[in-house]
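Kindly generate the corresponding structure for this input.
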Amino acid sequence: MITKYKNKQNKVAVIGLGYVGLPIALAFAKHFKVIGFDISKPRIDLMREGIDPSKELEPEEFQDRDIYFTADAEYLKEGNFFIVTVPTPVDEHFVPDLSYVLSASRLVGSALKKGDVVVYESTVFPGCTEEDCLPILEEVSGLKVGKDFKLGYSPERINPGDKEHTITKIAKVVSGNDEAALEIIADVYGSIIEPGVFKAKTIKAAEAAKVIENTQRDLNIALMNELAVIFDKMGISTHDVLEAAGTKWNFLKFFPGLVGGHCIGVDPYYLTYKAQQYGYSPEVILSGRRVNNNMPAYIAKKLTQSLLQIGKNPSQCKILIMGLTFKEDVSDIRNSKVADLAREIMGYSVNVHLVDPNASPNEVAHEYKLTLIDEPAGNYDAIIVAVAHADFRKYGAADFRKLMNDSPILFDIKGICNEKDLRDLGVNYWRL
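Next up, the predicted model:
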């Protein structure tokens with residue numbers, strides 16, 4: 001079957017062209033004929049011009065690619081190998097929101113033909129592909145899995161902002177509803193993945209593997225955050241502790257910080273949601289989530305206390321928060337814990353300015369009802385370096401000091417500043 005893709009008789013169709021879908025679509029389009037589908041017409045217009053709306057890919061990565069970008073679902077009927085890469089967020093109650101993936105399933109179902117293959121890459125709980133998505137595919141298409149079409153799951157491993165571990169450079173986990181499906185899916189992905197593919201035993205195993213990858217990271221960061229709180233109360237530098245502990249060969253080098261974004265801060269809830277349906281209430285996973293979710297409130301309280309300790313009235317202070325995206329050098333603001341931090345500080349009647357050269361002011365205003373300023377105004381009582389953007393890493397101690405007034409405070413959440421130089425300039429320094 002792979003021959004039909006290589007000679008472009010068959011087409012790959014990618015549904016959802018965000019951080020995950022667009023790199024995958026372009027990687028396949030280097031070898032196969034691809035249909036790139038997204039419901040957003042403005043995004044499609046940009047991609048047709050060789051522009052990545054997520055600002056992750058350079059224009060040259062669109063060149064010499066056999067791909068047709070469209071927001072018209074009718075073109076999906078030309079596809080044979082469907083890859084679903086739509087978002088799977090949680091709602092305000094941390095309950096999985098499957099609306100996007102179920103809607104995509106209906107679109108694919110309406111285009112499905114005998115002999116086609118459907119692969120989901122969106123992060124879901126174990127069982128979602130076969131128990132939630134498959135019934136929609138079969139109902140809408142009138143076809144039966146195994147007999148008429150193949151089904152699989154291949155967890156995405158895109159790391160926004162990472163120019164080294166790109167889609168074709170990372171080993172890919174694949175799975176299928178039967179051996180024939182597994183072989184087809186492995187062959188198609190294997191044609192673009194340089195390190196090769198790993199064939200998971202079942203679709204559920206592949207789904208579970210994805211969700212625990214980020215759950216593990218979440219728990220390790222939660223441990224570091226809890227340690228940071230403990231050591232701060234003891235007057236011990238967490239950085240100094242981790243530096244010493246890190247000399248042991250098997251010590252895992254995780255660091256405290258704000259855990260946001262569309263993966264680490266979301267994926268664990270998919271697993272805990274499903275576990276609770278089986279009558280088990282996870283303790284460790286949810287405890288880690290609580291620790292990480294509480295960090296914005298902890299930092300805001302710490303800042304307010306620090307202002308009071310140096311004789312400043314928080315309600316008369318002006319502070320600058322540098323960075324709003326969920327991680328450094330990306331434009332993605334989804335599930336930003338810096339936004340939570342800003343609101344927590346505002347709750348103490350502090351005047352907060354936000355600056356982020358990577359974020360869209362319109363998106364920030366729409367998503368969080370917060371305003372980004374173009375440039376720091378100066379005369380700040382405190383600065384919080386919340387995201388380690390390259391633009392901020394260029395700042396020296398003197399650059400920060402110029403933006404501050406008397407007896408200023410600098411909170412270095414990401415540990416990118418020179419503590420000694422700042423203290424020499426009279427800045428009260430604190431890092432997580």
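
Could you chop this structure up by domain?
Split into domains by automatic domain parsing, the chain comes to 2-201, 233-431.

tell me, how many neighbours does residue 42 end up with?
Neighbourhood size, residue 42 [other CB atoms under 10 Å]: 10. Heads up, the C-betas are built off the backbone N, CA and C, glycines and all.

who touches it in this structure?
For residue 42, the contacting residues are residue 53, by CB atoms under 8 Å, 6 or more residues apart in numbering.

Just want the most central residue of the chain.
Closest to where the C-alpha atoms of the chain average out (CA atoms, centre = their mean) is residue 262, at 3.7 Å.

before we move on, back to that, right, and the domains of the chain - which one's nearest residue 214?
domain 233-431 (4.0 Å; CB to CB).

quick check, residue 285 in a helix?
Yes. According to DSSP: H, G, I helix; E, B strand; the rest coil, the state of residue 285 is that of a helix.

check contacts around residue 360.
Per CB under 8 Å, 6+ apart, neighbours of residue 360: 331, 333.

Show the pLDDT at it.
Residue 360 carries a pLDDT value of 94.

how far away is it from residue 225?
28 Å (CB to CB, to the nearest Å).

Likewise for residue 385?
For residue 385, the distance to residue 225 equals 17 Å [CB to CB].

rewinding a little: once you drop chain neighbours, what's closest to the residue nearest to the centre of the chain?
With sequence-adjacent residues excluded and distances taken as CB to CB, 6 or more residues apart in numbering, residue 262 is closest to residue 334, at 4.7 Å.

Now do the same contact list for the one you found.
89, 260, 261, 262, 326, 367.

Just the buried residues of those residues.
260, 261, 262, 326, 367 (16 or more other CB atoms under 10 Å).

Go ahead and confirm the fourth one touches residue 337.
Looking back up the chat, that one is residue 326. Yes. Using CB atoms under 8 Å as the test, residue 326 is close enough to residue 337 to be in contact (7.4 Å).

Go through this structure and flag its longest strand.
Looking across the chain with DSSP state E, the single longest strand is strand 404-412.

How far off centre is it?
Relative to its chain's centre, strand 404-412 lies at 31 Å (CA atoms, centre = their mean, to the nearest Å).

Give the buried residues for it.
404, 408, 409, 410, 411, 412.

Show me where the stretch 251-400 of the chain has its strands.
318-322, 351-355, 380-385 (DSSP state E, counting those that start in this stretch).

Just say which of these is most tucked in.
strand 380-385 (a mean of 24; mean count of other CB atoms under 10 Å).

Mean confidence (pLDDT) on that strand, please.
On average, strand 380-385 scores 98.

what's next to that strand, contact-wise?
Residues from elsewhere that reach strand 380-385, judged by CB under 8 Å, 6+ apart: 299, 303, 306-307, 312, 317-323, 341, 353, 392, 400, 403-405, 408-414, 416-417.

Please, which helix or strand holds residue 42?
helix 41-48 (DSSP states H and E).

Check the offset of that helix from the chain's centre.
Mean-position distance between helix 41-48 and its chain equals 22 Å (CA atoms, centre = their mean).

That one: which residues count as buried?
For helix 41-48, burial by neighbour count (16+ other CB under 10 Å) applies to 43, 44, 46, 47.

if you average pLDDT over stretch 197-208, what comes out?
Stretch 197-208 comes out at a mean pLDDT of 98.

For it, measure first residue to last.
Terminal residues of stretch 197-208 lie 17 Å apart, using CA to CA, to the nearest Å.

buried ones in that stretch?
By neighbour count on 16+ other CB under 10 Å, the buried set for stretch 197-208 is 197, 199, 200, 203, 204, 206, 207, 208.

try stretch 277-286
Neighbour count says stretch 277-286 has 282, 285, 286 buried, by 16+ other CB under 10 Å.

then that stretch to PDB, C-alphas only?
Taking C-alpha atoms only, stretch 277-286 is exported to PDB below (Å, rounded to 0.1, in the frame of the first residue of the first chain):
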ATOM      1  CA  GLN A 277     -14.800   6.300  35.800                       C
ATOM      2  CA  TYR A 278     -13.300   3.000  36.800                       C
ATOM      3  CA  GLY A 279     -13.900   3.900  40.500                       C
ATOM      4  CA  TYR A 280     -10.400   4.900  41.400                       C
ATOM      5  CA  SER A 281      -9.500   8.400  42.600                       C
ATOM      6  CA  PRO A 282      -5.800   9.200  41.800                       C
ATOM      7  CA  GLU A 283      -4.000  10.700  44.700                       C
ATOM      8  CA  VAL A 284      -0.400  11.300  43.500                       C
ATOM      9  CA  ILE A 285      -1.300  12.700  40.100                       C
ATOM     10  CA  LEU A 286      -4.000  15.100  41.400                       C
END
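
In the helix or strand that the helix holding residue 42 is followed by, which residues are buried?
Next along the chain after helix 41-48, taking DSSP H and E as the criterion, comes strand 67-70. Buried residues in strand 67-70, counting neighbours by 16+ other CB under 10 Å, are found at 67, 69, 70.

Which secondary structure elements does whatever helix or strand comes next after strand 67-70 sit against?
Next helix or strand after strand 67-70 toward the C-terminus (DSSP H and E): strand 81-84. Counting contacts by 3 or more CB pairs under 8 Å, 6 or more residues apart in numbering; DSSP states H and E, strand 81-84 packs against strand 11-15, helix 21-29, helix 99-111, strand 117-120.

hang on, the earlier thing: among the domains of the chain, which comes closest to residue 216?
Closest to residue 216 of the domains of the chain, according to CB to CB: domain 233-431, at 9.4 Å.

Report the mean per-residue pLDDT for stretch 267-281.
Per-residue scores along stretch 267-281 average to 96.

which residues are in contact with that stretch?
Contacts of stretch 267-281 (CB under 8 Å, 6+ apart): 88, 90, 94-96, 123-127, 208, 210-215, 218, 282, 285-286, 288-289.

With stretch 292-303 instead?
Stretch 292-303 is contacted by residues 218, 221-222, 225, 229, 232, 256-259, 265, 319, 337-338, 340-341, 343-345, 347-348, 350, 382, 384, 409, 411, 413, 430, 432 when judged by CB under 8 Å, 6+ apart.

out of those residues, which are buried?
218, 221-222, 225, 229, 232, 256-259, 265, 319, 337-338, 340-341, 343-345, 348, 350, 382, 384, 409, 411, 413, 430, 432.

what's near enough to touch residue 40?
Contacts of residue 40 by CB under 8 Å, 6+ apart are 53, 71.

now residue 213
Here residue 213 is in contact with 155, 157, 267 (criterion: CB under 8 Å, 6+ apart).

How is it assigned, secondary-structure-wise?
Secondary structure, three-state DSSP: residue 213 is helix.

In terms of pLDDT, where does it sit?
So residue 213 comes in at 94 (pLDDT).
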